[in-house]
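J.: coords please:
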Amino acid sequence: MATTPAPLSADTARHDLALTVQRLFAALRRLSPPGISLSAAATMATLEREGPQRLTELAVREGVTQPAMTQIVTRLERDALAARTADPADRRVVLVEITQAGRDLLRHRRDVRAERVAALLSQLDPADRAAIEAALPALGRLADHAATT
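T.: Modelled structure (predicted):
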């Protein structure tokens, strides 16, 4: 006779979730196609999602120093993935925006990653796939909260 596992304590569940998310994040990094750094990809995703930003704002959002963000943006600009433009509201202010080539690269990276995740999911049993699918809305809300803290 099968037994139901005992429920996890709240502390154990939190630690298990944090460890699992960390392991999953590391795996997803390995699933991303090579070509640009994770910091550069994250910066472009921020620009795509939130629109043009000041370099200082980008540095804060991405959790890097302003000199590090300057280097990231310079490389993105060199590769035509981002561009610096004047702020229409204040021509003295420089904004960084993603280019169409940057959007195309992000779309390609997401497509490749999605294909690789699908291959991994196909190795799981249907119950695990259904559980992951059912958890997606809650995980999305968790990601939204994490992005605003």
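J.: The residue lying closest to Thr65 once chain neighbours are set aside sits in which helix or strand?
T.: In space, Thr65 comes closest to Ala59 once its chain neighbours are excluded; the distance is 6.3 Å by CB to CB, 6 or more residues apart in numbering. For the C-beta atoms, the positions are set from N, CA and C on the backbone; glycine is no exception. Following DSSP states H and E, one finds Ala59 within helix 55-62.
J.: now what about that helix, what contacts it?
T.: Identification of contacts with helix 55-62 by CB atoms under 8 Å, 6 or more residues apart in numbering yields 39, 42-43, 46-47, 50, 53, 65-66, 68-70, 72-73, 94, 96.
J.: Report the distance from the biggest strand by length in the chain to the chain centre.
T.: Counting by DSSP state E, the longest strand found in the chain is strand 90-98. A distance of 24 Å separates the centroid of the chain from that of strand 90-98, by CA atoms, centre = their mean, to the nearest Å.
J.: Please apply the same query to stretch 86-99.
T.: How far stretch 86-99 lies from its chain's middle: 24 Å, per CA atoms, centre = their mean.
J.: Contact partners for the residue most central in space within the chain?
T.: Nearest residue to the geometric centre of the chain (CA atoms, centre = their mean): Ala42, 5.7 Å. Counting by CB under 8 Å, 6+ apart, Ala42 touches Glu62.
J.: hang on, the earlier thing: can you give the distance from the helix or strand following the helix holding Ala59 to the centre of its chain?
T.: Following helix 55-62 in sequence order, the next helix or strand is helix 66-78 (DSSP H and E). Distance, stretch centre to chain centre, for helix 66-78: 18 Å (CA atoms, centre = their mean).
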